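Enquirer: Pasted the sequence and its predicted model underneath.
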Amino acid sequence: DASSLDEVSVFQQQYKRHLALTEAQLTSLMQRDLDNVAKAMNTIGMSESTMEKLRGDFSEMQEQLKMSKSQLGKYEHIKKINVANRNIQTTLSRIENFHSIPQRVKRLQGALEETPNSLMVVYKETQDLEDWRDELIEEVKGSRRSSTTSPGQAGYTRSPEVFNKIIDVLGDHFAIVLQLSQQVRQEVTKHICSCFELASDEPALLVRAVEVFMLIEDNAKRKFESMSEVMRENLPNMHHAFEAEIIISMRQAFDERIQAQYVSCMLQSADEGKTGIEAALLAATRGMVDMAYLKSDVLPCFPPDFKVLQFYREQFEEYMLPQVAALYSQNISNLELGDLLRMVSWLHNYNKQILETGAGDPPEDFCDAISNLMGEYLVRAAQQTRDWFANIEKRDSEVLPESDGCLVTRDPEDMLNIVNMQVSVAKEQLPKELRYKVIRGCIDELDAAQKRLSADLELVWKTTQVENLCAVVNDSYRMQDKVESLLDDVDRDEGGDGVAELISATDDLCRSYVVLAVDATKFAALSVMEDLKEPVLYQVFSPQWEDGSEQYAQIATKTLRDWFNDLSMWLPEYFFTKLVRECYEQTVVSYIETAMGKKVKPFQSSARASQQVINDRFTFAEFFVNDFESTLVASGMRKPGEVEESLEILTHISKLITAPMPTDVEDDIKWMLRHFGSSGERAILHIVGLRGLGKTSIDEWRFIISQDITEIGRDCEFNQTRYLLPWKYTSKGEEEGLDGRESGGGGYASTNPFGSVGGGVGVNMEKWK
């Protein structure tokens, strides 16, 4: 605003006036200070000269005094008058002091009653009176002599009449001093016994009382040590006498406090409807609160060697320990779970507080009781959890899809709700070291439930729907994360075997649930394959298969495609890849076992049978290798060509079926020997036998096979086949049917223990680990 610029000159003038005024004030102040400094220097100079003059005057006075003393020493009468004067002054002082004692005692007594904080002042004056009394008594007894007493005199004790007269005169004064001394001690005792109240309201008064107590004890010790050895032997040691009185009074005060609190709390708990155990433990907790208060607020007011906390603990346990012991000494099986927790929690906290406050060692009875009660609680909590788990296991859980399509049930949530309820109850009542035991018990029950489910699955998987098996996979996998959440409140860095064992048990349980999920995936795959084996895969190498009227490989892959479309949504990707791999391997296994289990009846056309095997291989490769190769690679088949390698056996079988001479397919023979191990020779002869060869041809094949076995060494002895080859042997150990006399056409006779065609499932579980 341009108009405001006109005011700048006005503000400038005001500022200059203020600046000039301030400079004038500062100059005035500096000048005043300089004047004061000058005056101070002058004063110091004058003082030094005056002090020098005074030193000279004092020196002259000291010389005059020395001369006077030397002159006075020559006059005996003046000397005696001087001694008499001092005696008169002393006597007058004692008479005045003696006369004022009742008034002084009365004043000190009033001060004790009206102003408790004057305790230290009163004590010091009382101690002066006690010293006066003791000195006077000693003088009356003649234990002390004045400077004018001759060596032959022994004081008033040589004149009983005079002694009794003096005692009659002084007795009342001695009595009121003693009464005051006792009153001081009573006040000290009262304040110390009221340590709970004073530490909160007037800690300074409590400290003064303790200081006076220590002074009284020190004075008693000093008096006893100043006595002669004979007197110490004949008189009682009064040192610690007052301390003993204080301790007795404190114990009595603690008793009264503990009992009053217990009765008050029991009555209040009864009005509130609490159980007997709740009321008793609540009343006992008052004592724990007192001990904590003693530690934090009362003990700092006392010397370290005065064991206030131990005194209170002894009185507390003397009264309360039987009350608490009666609660757990009864049959603990009759106690409710909640009462068991309350008892364990209270006993543990009491023992812990004893250690933390430095009040000694915990009671052994309480330690044993904690062990017994906690053991009972863990057993009953485990049984309760087991019963609830059993109800979940018995019900028909509904399988529902989650948002991602995976099939699940509510079983994991319900089981973890049960566990979390047990843990939360323990968390409210128990310290963490005992709470860890409850968590460990729940983990053990989860582990037992997991083992029961795993065992049941082994028995009932064939009659279980694939959807339910998928739900088991997903539920088990989800349980891993839910179980790990139980350790959220556990300090993993904390030392101790309990924490390490808890973490180890949890890790083992998580691994068990993963194994269960893998096993359930395997059973889901086997369940899918069960629908294919009897009507489809077990029909290969049949006449319908050979003449091409039934394309069983195409039926199998079409059925698997339909299943995989659903299973890819029902299972997480990881487990779906495992299931596809298992189905792939089971398809090949079932195909080979069917071929090996076929009755020895020659093919109508070996060339057509061989071509049919090639066609089946192509069908399987198109489905598994082309369409699901990435899935199989993700399952663990990561070596180059490993996915297609599983179908290589079909190529070798097709060559064996049509080979004119064994020497034409020696590479295939060696592959079969290595692949089938000790069963390789029988497998090859069985396939060759399906061609209807005569004995001579069979012997030729056998000879070439034996040479190849020798060439490849013992490798075949160590390779174990995955396929079940159910051949029958004669009592001589030779294979039947090789000479063509059995089964109506020569070849390699066999029986099938699995039914018309099929075989068992050779499952290699190593790949699942």
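Expert: On my side now, so go ahead.
Enquirer: Give me the phi and psi for residue 488.
Expert: phi -60, psi -40 (degrees, to the nearest 10).
Enquirer: what does residue 677 give?
Expert: Phi and psi for residue 677, reported as degrees, to the nearest 10, are phi 60, psi -130.
Enquirer: Report pLDDT for it.
Expert: Residue 677 is assigned 81 on the pLDDT scale.
Enquirer: what bridges to it?
Expert: residue 720 (DSSP bridges).
Enquirer: burial measure for it, as a count.
Expert: 16 (other Cβ atoms under 10 Å). Every C-beta, even on glycine, is put in place using the N, C-alpha and C of the backbone.
Enquirer: Equivalent analysis for the one 5 residues further on, please.
Expert: Summarising burial for residue 682: neighbours were counted as other Cβ under 10 Å, giving 19.
Enquirer: which SSE is it in?
Expert: Counting by DSSP states H and E, the element that carries residue 682 is helix 680-689.
Enquirer: What residues sit buried inside the helix or strand just after that helix?
Expert: Sequence order places helix 695-712 as the next helix or strand after helix 680-689, per DSSP H and E. Using 16 or more other Cβ atoms under 10 Å as the burial criterion, the residues of helix 695-712 that qualify are 697, 698, 701, 702, 704, 705, 708, 709.
Enquirer: Now flag whichever of the residues you listed is closest to residue 168.
Expert: Lowest distance from residue 168 to these (Cβ to Cβ) belongs to residue 709, with 137.7 Å.
Enquirer: Roughly how far does that closest one sit from residue 457?
Expert: The gap separating residue 709 from residue 457 is 42 Å, by Cβ to Cβ, to the nearest Å.
Enquirer: Read off the pLDDT value for residue 713.
Expert: 73.
Enquirer: correct me, but residue 365 touches residue 324?
Expert: No. Look at residue 365 against residue 324 with Cβ atoms under 8 Å: they stay out of range, at 9.3 Å.
Enquirer: Who has more neighbours out of those two?
Expert: Neighbour totals were compared for residue 365 and residue 324, and residue 324 leads with 24 against 15 (other Cβ under 10 Å).
Enquirer: and that one, which of the three is it?
Expert: Using DSSP: H, G, I helix; E, B strand; the rest coil, the structure places residue 324 in helix.
Enquirer: out of everything not next to it in sequence, what's closest to it?
Expert: Excluding its sequence neighbours, the residue lying closest to residue 324 (Cβ to Cβ, 6 or more residues apart in numbering) is residue 284, at 5.6 Å.
Enquirer: Residue 214 now?
Expert: Using Cβ to Cβ, 6+ apart and skipping the chain neighbours, the partner closest in space to residue 214 is residue 303 (6.6 Å).
Enquirer: Spell out which helix or strand contains that neighbour, please.
Expert: Using DSSP H and E, residue 303 falls within no helix or strand.
Enquirer: same check, this time on residue 19
Expert: helix 8-72.
Enquirer: What of residue 481?
Expert: Going by DSSP H and E, residue 481 is in helix 466-484.
Enquirer: Packing partners of that helix?
Expert: Contacts defined by 3 or more Cβ pairs under 8 Å, 6 or more residues apart in numbering; DSSP states H and E place helix 466-484 against strand 407-408, helix 411-429, helix 432-460, helix 497-533, helix 552-570.
Enquirer: Which stretch among those is buried most, on average?
Expert: Highest mean neighbour count among these (mean count of other Cβ atoms under 10 Å): strand 407-408, with a mean of 22.
Enquirer: Would you mind measuring from residue 554 to residue 594?
Expert: Using Cβ to Cβ, residue 554 is found at 16 Å from residue 594.
Enquirer: Mind pulling up the pLDDT for residue 241?
Expert: 84.
Enquirer: do you know how far it is from residue 83?
Expert: Distance of residue 241 to residue 83, computed by Cβ to Cβ: 42 Å.
Enquirer: Which one's more surrounded, those two?
Expert: residue 241 (14 against 11).
Enquirer: Measure how far the helix holding residue 682 is from the centre of its chain, please.
Expert: Relative to the centre of its chain, helix 680-689 is centred 65 Å away, using Cα atoms, centre = their mean, to the nearest Å.
Enquirer: Could you tell me which other helices and strands that helix packs against?
Expert: Against helix 680-689 (3+ Cβ pairs under 8 Å, 6+ apart) you get helix 573-596, helix 648-658, helix 666-676, helix 695-712.
Enquirer: Over it, what's the mean pLDDT, rounded is fine.
Expert: Across helix 680-689, the average pLDDT comes to 88.
Enquirer: Who are the contact partners of the residue lying closest to residue 681 once chain neighbours are set aside?
Expert: Nearest residue to residue 681, sequence neighbours excluded (Cβ to Cβ, 6+ apart): residue 705, at 5.3 Å. When contacts are counted by Cβ atoms under 8 Å, 6 or more residues apart in numbering, residue 705 touches 662, 669, 673, 681, 684, 685.
Enquirer: Show the pLDDT at residue 705.
Expert: 89.
Enquirer: Residue 67 now?
Expert: The predicted local confidence for residue 67 is 75.
Enquirer: swap in residue 512?
Expert: Looking at residue 512, the pLDDT reads 93.
Enquirer: ok, the nearest residue to it once chain neighbours are set aside - contacts?
Expert: Leaving aside its sequence neighbours, residue 512 sits nearest to residue 450 (Cβ to Cβ, 6+ apart; 5.3 Å). Going by Cβ under 8 Å, 6+ apart, residue 450 touches 476, 479, 509, 512, 513, 516.
Enquirer: Compute the first-to-last residue distance for stretch 425-437.
Expert: Taking Cα to Cα, to the nearest Å, the first and last residues of stretch 425-437 lie 13 Å apart.
Enquirer: same question but for stretch 224-231, I mixed them up
Expert: From its first residue to its last, stretch 224-231 covers 9 Å (Cα to Cα).
Enquirer: in it, what counts as buried?
Expert: Neighbour-count burial for stretch 224-231, counted by 16+ other Cβ under 10 Å, picks out residue 224.
Enquirer: same deal with stretch 192-208?
Expert: For stretch 192-208, the buried set under the neighbour-count rule, 16+ other Cβ under 10 Å, comprises 192, 193, 194, 195, 196, 198, 199, 202, 205, 206, 207, 208.
Enquirer: Most widely separated two among the residues you listed?
Expert: 196 and 208, at 16.8 Å, using Cβ to Cβ across the buried residues of stretch 192-208.
Enquirer: Residue 277 versus residue 371, what's the distance?
Expert: On the measure of Cβ to Cβ, residue 371 and residue 277 end up 19 Å apart.
Enquirer: how far away is the residue nearest to residue 487 when sequence neighbours are not counted from residue 455?
Expert: Leaving aside its sequence neighbours, residue 487 sits nearest to residue 506 (Cβ to Cβ, 6+ apart; 5.7 Å). From residue 506 over to residue 455 the distance is 22 Å, taken as Cβ to Cβ.
Enquirer: Give me the neighbour count for residue 343.
Expert: 26.
Enquirer: now residue 136
Expert: So residue 136, with other Cβ under 10 Å, has 17 neighbours.
Enquirer: quick one, what contacts it?
Expert: Going by Cβ under 8 Å, 6+ apart, residue 136 touches residue 170.
Enquirer: Check the secondary structure at it for me.
Expert: Using three-state DSSP, the structure places residue 136 in helix.
Enquirer: Distance check, it against residue 185.
Expert: 21 Å.
Enquirer: same check, this time on residue 380
Expert: Distance, residue 380 to residue 185, using Cβ to Cβ: 57 Å.
Enquirer: Kindly reformat the helices and strands packed on helix 680-689 as JSON lines and extend each row with distance to residue 61.
Expert: Output for these, formatted as JSON lines (distance: least, Cβ to Cβ, whole Å):
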{"stretch": "helix 573-596", "distance to residue 61": "113"}
{"stretch": "helix 648-658", "distance to residue 61": "134"}
{"stretch": "helix 666-676", "distance to residue 61": "133"}
{"stretch": "helix 695-712", "distance to residue 61": "136"}
